[in-house]
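Peer 1: task: produce atomic coordinates for the following.
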Amino acid sequence: MTQTAKPRGPDPVADRLLKGSVKRSYEPVVDIDWDAPLEDGKYFLPPHILSLYRTPMWETMSEEQRIELSRQESANVLSVGIWFENILDQALLRHLLHNDPGSLHTRYALTEMGDECRHMAMFGRAIERMGAKPFQLRWRQAIAVNLLPKTFRGTMLWVAALIGEEIFDATQRRVVDDPQLQPLIARLMRIHVTEEARHIQFARAGVRRRVAESHRIERIWVGTAQGLGGLLLERLFTNPAMYRRAGLDAREARRQALANPYFRENQRRGFAGLAEFLEDTGLMRRPSRAMWRRAGFL
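Peer 2: Numbering: from 1, shown residues only. A predicted model of the protein is given here:
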């Protein structure tokens, strides 16, 4: 049976975010100077957030090797961002299929999807501009990525959006003004932080609404399954391919990264705000807490 569109009603969050989008949105094609030369000696991610920072391997690397590692880690993060925003747009389209197309909720969701499409183009162009190559999904990952949008429904849709947005956002906010950062990446981060702030508010409002309306079984399921995000992100953030492209022993580099207290501290700082929100909404349960801890985010 075909579902009917939900009736229109007041949505102050969507209304505020729509007005904010009109006042402050970006078009990366013209808002980034793509022709500006890269600056010699600048990093593509600040040294202190690189996965190998202060490890024994780091101490043996030259400055040029460290900058190259930052190039590859940045390209990896941007590639992951493209994958996630693709998944999110697909899931949002499914979510909106039977919703009222004239509602404030739908109008903002479509606005967010437009932002995400521009972000994907921005990330892809940045990878090319900084002289790197995008990282591709392995076949198992490709299968998962094609299935995930079909599973992101209800509360899980909004929690998944937060997992993909808040950790990156928190890290970008800490480093966007770092003087060691390439101006191109700093500008990209400022654009992304500004627009992601609205996306995070929308997703958090979606979580609160769904938690208030959903059955206890759904809350238990989401509160348990969301911990898988931590295990996935740990793997993606220590992608062996990026170490290999930087000319390092990939297996040893990943081993040192996973044992690196500086890397773990960056993970915990990035997750702290989201962890608090999940606790407050009752969506951090014992199994998910254990998975986030195992992955180094708690």
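
Peer 1: ok, residue 93 - contacts?
Peer 2: For residue 93, the contact set (CB atoms under 8 Å, 6 or more residues apart in numbering) comprises residue 113. For the C-beta atoms, the positions are set from N, CA and C on the backbone; glycine is no exception.

Peer 1: buried stuff in the helix or strand that contains it?
Peer 2: Secondary structure from DSSP states H and E places residue 93 in helix 63-96. Residues 66-92, 95-96 are the ones in helix 63-96 that count as buried (16 or more other CB atoms under 10 Å).

Peer 1: go on, stretch 266-275?
Peer 2: Neighbour counts using 16+ other CB under 10 Å place 266, 267, 270, 271, 273, 274, 275 of stretch 266-275 among the buried residues.

Peer 1: need those residues in CSV (columns: pLDDT).
Peer 2: CSV is the format used below for the buried residues of stretch 266-275 (pLDDT from 0 to 100):
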residue, pLDDT
266, 96
267, 97
270, 96
271, 97
273, 97
274, 98
275, 98
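
Peer 1: give me the secondary structure label for residue 248.
Peer 2: Three-state assignment for residue 248 (DSSP: H, G, I helix; E, B strand; the rest coil): coil.

Peer 1: that older thread, please flag which of the buried residues of stretch 266-275 sit within helices.
Peer 2: 266, 267, 270, 271, 273, 274, 275 (DSSP state H).

Peer 1: distance to residue 226 added to those, as TSV?
Peer 2: Output for these, formatted as TSV (distance: CB to CB, whole Å):
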residue	distance to residue 226
266	21
267	16
270	16
271	12
273	15
274	10
275	11
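
Peer 1: looking at the residues you listed, which is nearest residue 296?
Peer 2: Nearest to residue 296 out of those is residue 267 (CB to CB; 4.8 Å).

Peer 1: what sits against the closest one?
Peer 2: 234, 237, 295, 296, 297.

Peer 1: tell me how many other residues surround the second one.
Peer 2: Residues within reach of residue 237, counting by other CB atoms under 10 Å, total 22.

Peer 1: try the third one
Peer 2: Look at residue 295: counted by other CB under 10 Å, it has 22 neighbours.

Peer 1: surely it and residue 237 touch.
Peer 2: No: taking CB atoms under 8 Å as the definition, residue 295 is not a contact partner of residue 237, at 9.3 Å.

Peer 1: what does residue 296 show for phi and psi?
Peer 2: When read as degrees, to the nearest 10, the backbone of residue 296 gives phi 90, psi 10.

Peer 1: between the contacts of residue 267, which sits nearest residue 61?
Peer 2: Once CB to CB is applied, the member of the contacts of residue 267 that ends up nearest residue 61 is residue 237, at 18.9 Å.

Peer 1: for the residue nearest to the closest one when sequence neighbours are not counted, list the residues it contacts.
Peer 2: Leaving aside its chain neighbours, residue 237 sits nearest to residue 51 (6.6 Å; criterion: CB to CB, 6 or more residues apart in numbering). If you count contacts by CB under 8 Å, 6+ apart, residue 51 has them with 73, 237, 238, 257, 260, 263.

Peer 1: and residue 51, how far is that from residue 74?
Peer 2: For residue 51, the distance to residue 74 equals 12 Å [CB to CB, to the nearest Å].

Peer 1: ok, residue 96 next?
Peer 2: Distance, residue 96 to residue 74, using CB to CB: 32 Å.

Peer 1: straight-line length of stretch 214-233, end to end?
Peer 2: Stretch 214-233 has its terminal residues 27 Å apart, counting by CA to CA, to the nearest Å.

Peer 1: how deep is the nearest residue to residue 71 once chain neighbours are set aside tucked in, by neighbour count?
Peer 2: Of all residues not flanking residue 71 in the chain, residue 44 sits nearest, at 4.7 Å (CB to CB, 6+ apart). Number of residues near residue 44 (other CB under 10 Å) recorded here: 27.

Peer 1: in CSV, list the C-alpha atoms belonging to stretch 122-129.
Peer 2: C-alpha atoms of stretch 122-129 as CSV (Å, rounded to 0.1, in the frame of the first residue of the first chain):
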residue,chain,number,x,y,z
MET,A,122,34.7,20.2,-3.8
PHE,A,123,36.4,17.2,-2.2
GLY,A,124,37.0,15.6,-5.5
ARG,A,125,38.5,18.7,-7.0
ALA,A,126,40.7,19.3,-3.9
ILE,A,127,42.1,15.8,-4.1
GLU,A,128,43.1,16.5,-7.8
ARG,A,129,44.4,19.9,-7.0
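
Peer 1: give me the helices and strands touching whichever helix or strand residue 124 is part of, please.
Peer 2: Using DSSP H and E, residue 124 falls within helix 104-129. Here helix 104-129 is seen to pack against helix 12-23, helix 28-31, helix 63-96, helix 183-213 when contacts are counted using 3 or more CB pairs under 8 Å, 6 or more residues apart in numbering; DSSP states H and E.
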